[in-house]
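Novice: fold the following, please.
(one chain, ligands or ions: 1)
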Amino acid sequence: MRPFEYTRAQSTETATRDAAGGAMFIAGGTNLLDLMKLEVMAPAELVDINRLELDRIEETEDGGLRIGALVTNSDLANDTRVRRDWPVLSRALLAGASGQLRNKATTGGNLLQRTRCLYFYDRAMACNKREPGSGCSAREGFNRILAILGTSEHCIATHPSDMAVAMRALDAVVETVKDDGSTRRLNLDDLYLLPGDRPDRETVLEPGELITAVVLPAPVAGRQTYRKVRDRASYAFALVSVAGVVAMEDGRITRADLAFGGVAPKPWRDPQVEALLVGQTPSEALFEKAADQLLAEAEGFGANDFKLPLTRRTLVSVLTELTQEART
Ligand code: SF4
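Specialist: Coordinates of the predicted model:
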């Protein structure tokens, strides 16, 4: 690990100002410290934001929740309001990492964690995300855990978060503040960038821009679930995951909010899949058609070819479960 300066921020003003000058924010540090030990990331300065008052979960006027960026994954998963009204989020959080990591990992940090592509962590290997222009070792290499949607010739990495997939299905909005004091609200689709020819750029956040909260809209009617398929029962990243919120009325689907993890560089949502389902009577043929739509542009790279049928089966299974539950 290389030497670095460490300061503890007392306010968002000083934190964002320091970060705009080149420092990196640190909160739980559950991903950043590993990256620093491996010298994949080598910030000259860290700004510790743990003392900022961003650790509350508050109800919003319209019945939603504002989740402070420093709320830990454990506290969020166990919040009674989240468990009752947004269970897909609680389940996604509990499917991620381990109990110890969830006690340290924060909401903001979870959103900004880096890919777990093996080559990104191995400085002896070419990786456009770590070193732009060096190449992508994964395309022809061991890409079992990598993406089948939203990839580019320069990068096929997946976003590793479970939490973000559930938040994407719930239409969560990220709130930020910049060093000039201005704020903005971004939905998750706008927060994350696809790799294109700049896989080193993963979000639209500007230097010094701090995530302060994530806002969940008011709860909606329907059934929710988070299905995560992985290589072992715990402490493993998703090969494929589906966050779903499905509602039905008079035997027809009235809502099908679906987000996918483990398959793309960002939590993946396809409005055409949802449009195809809404208004229809559930059937296996309909669910297969939805999978056809989802995977129309999907591409495997050898070791991850299995993700195409796995994504199909997982989607069909989740839709079957949720529509059966929604009928009752
Ligand atoms: Fe690097 Fe992306 Fe290629 Fe992995 S997939 S080696 S992160 S460029």
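Novice: what are the bridge partners for the closest residue to the ligand within the stretch 151-300 of the chain, then?
Specialist: Here the stretch 151-300 of the chain gets closest to the ligand at one residue, C155, 3.4 Å apart by Cβ to the nearest ligand atom. In this view, the C-beta of every residue, glycine as well, is placed from N, C-alpha and C. Listed by DSSP bridges, the beta-bridge partners for C155 are S152.
Novice: what residues are up against it?
Specialist: Listed by Cβ atoms under 8 Å, 6 or more residues apart in numbering, the contact partners of C155 are N128, K129, C136, A138, P195, P199, P265.
Novice: same deal with R252?
Specialist: Counted by Cβ under 8 Å, 6+ apart, R252 has contacts G279, Q280, T281.
Novice: please enumerate the helices of this protein.
Specialist: 12-20, 32-37, 73-78, 80-85, 87-94, 99-104, 107-112, 163-169, 188-191, 271-277, 284-294, 307-327 (DSSP state H).
Novice: could you check how far the longest one is from the centre of its chain?
Specialist: Computed by Cα atoms, centre = their mean, to the nearest Å, the separation of helix 307-327 from the middle of its chain amounts to 20 Å.
Novice: can you give me the buried ones in that helix?
Specialist: Neighbour counts over helix 307-327 (16 or more other Cβ atoms under 10 Å) mark 307-308, 310-312, 314-316, 318-319, 322-323, 326 as buried.
Novice: do the third one as well
Specialist: Residues N73, S74, D75, L76, A77 are the ones in helix 73-78 that count as buried (16+ other Cβ under 10 Å).
Novice: ok, now stretch 83-98?
Specialist: 85-97.
Novice: how long is it end to end?
Specialist: Distance between the boundary residues of stretch 83-98 (Cα to Cα, to the nearest Å) amounts to 19 Å.
Novice: now do it: distance to the chain's middle.
Specialist: With Cα atoms, centre = their mean, you get 13 Å for stretch 83-98.
Novice: state the mean pLDDT of that stretch.
Specialist: Averaging pLDDT along stretch 83-98 gives 98.
Novice: related to what we said a few turns ago, of all the helices of the chain, which lies closest to F142?
Specialist: helix 307-327 (13.9 Å; Cβ to Cβ).
Novice: between helix 284-294 and the closest one, find me the angle.
Specialist: Taking axes from the mean of the first three to the mean of the last three Cα atoms, to 10 degrees, one finds that helix 307-327 is oriented at 130 degrees with respect to helix 284-294.
Novice: pLDDT of helix 307-327, averaged?
Specialist: Per-residue scores along helix 307-327 average to 96.
Novice: repeat that for stretch 19-28.
Specialist: pLDDT averaged over stretch 19-28 gives 96.
Novice: who touches that stretch?
Specialist: 5, 7, 15, 32-33, 41, 43-50, 69-70, 72, 104-106, 108-109, 178-179, 207-210.
Novice: buried only: go through those residues for me.
Specialist: 15, 32, 41, 43, 46-47, 49, 69-70, 72, 105-106, 108-109, 178-179, 208-210.
Novice: any idea how far K289 is from the residue lying farthest from the centre of the chain?
Specialist: Largest separation from the mean C-alpha position in the chain: D250, at 33.6 Å (Cα atoms, centre = their mean). To K289, D250 is 21 Å away according to Cβ to Cβ, to the nearest Å.
Novice: which of the contacts of C155 ranks first by neighbour count?
Specialist: A138 (29 neighbours; other Cβ atoms under 10 Å).
Novice: ok, that residue to the ligand distance?
Specialist: Distance, A138 to the ligand, using Cβ to the nearest ligand atom, to the nearest Å: 4 Å.
Novice: ok, now which ones touch that residue?
Specialist: Contacts of A138 by Cβ under 8 Å, 6+ apart are C117, L118, Y119, C127, L146, C155, I156, A157, F301.
Novice: grab the nearest non-local neighbour of the last one.
Specialist: Going back to what we said before, that points to F301. N143 (4.7 Å; Cβ to Cβ, 6 or more residues apart in numbering).
Novice: that neighbour: how many residues sit nearby?
Specialist: 26.
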